[in-house]
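K.L.:
okay, structure incoming, though there's no sequence with it:
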């Protein structure tokens, strides 16, 4: 078979977000690290949007810190996801 890549994982994480499955999205995101696949802004944003959908603001903030620590530059989508997660947690 064909091994999944970063793009495949980003699509799967986004699908989890749309289905309200934030835990599964984070599991897939973590699997990428274990498979030594690079996690870019798109995959971080997808994971953070999944957290926002699930009202998981603390996890979204942790992902933002991790993202910056790994040298991945946050963008407007990143900050929107974190703000949305914070609003839903209130």
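P.N.:
Received it, and whenever you're ready, just let me know what you need. This is a predicted model, so every value here is computed, not measured. Numbering: from 1, shown residues only.
K.L.:
what's the closest non-adjacent residue to residue 47?
P.N.:
Nearest residue to residue 47, sequence neighbours excluded (C-beta to C-beta, 6 or more residues apart in numbering): residue 29, at 4.4 Å. For every residue, glycine as well, the C-beta is placed using N, CA and C.
K.L.:
any idea how far the one helix or strand that neighbour maps to is from the chain center?
P.N.:
Residue 29 belongs to helix 22-34 when assigned by DSSP states H and E. Here the centre of helix 22-34 is set off from its chain's centre by 8 Å, with C-alpha atoms, centre = their mean, to the nearest Å.
K.L.:
now the element after it, going C-ward?
P.N.:
Downstream of helix 22-34, the first helix or strand assigned by DSSP H and E is helix 41-53.
K.L.:
just for the chain, where's the confidence low?
P.N.:
Low-confidence segments of the chain (pLDDT under 70): 89-90.
K.L.:
and the spatially most central residue of it, what does it touch?
P.N.:
The centre of the chain sits closest to residue 47, judged by C-alpha atoms, centre = their mean, with a distance of 1.4 Å. Shown in contact with residue 47 (C-beta atoms under 8 Å, 6 or more residues apart in numbering): 13, 25, 26, 29, 63.
K.L.:
the fourth one touches residue 9, doesn't it?
P.N.:
Yes: shown here, residue 29 and residue 9 form a contact pair, counting by C-beta atoms under 8 Å, at 7.5 Å.
K.L.:
any common contacting residues for these two?
P.N.:
The contact sets of residue 29 and residue 9 overlap at residue 43 (C-beta under 8 Å, 6+ apart).
K.L.:
what residues are up against residue 61?
P.N.:
Residue 61 neighbours (C-beta under 8 Å, 6+ apart): 82, 85, 86.
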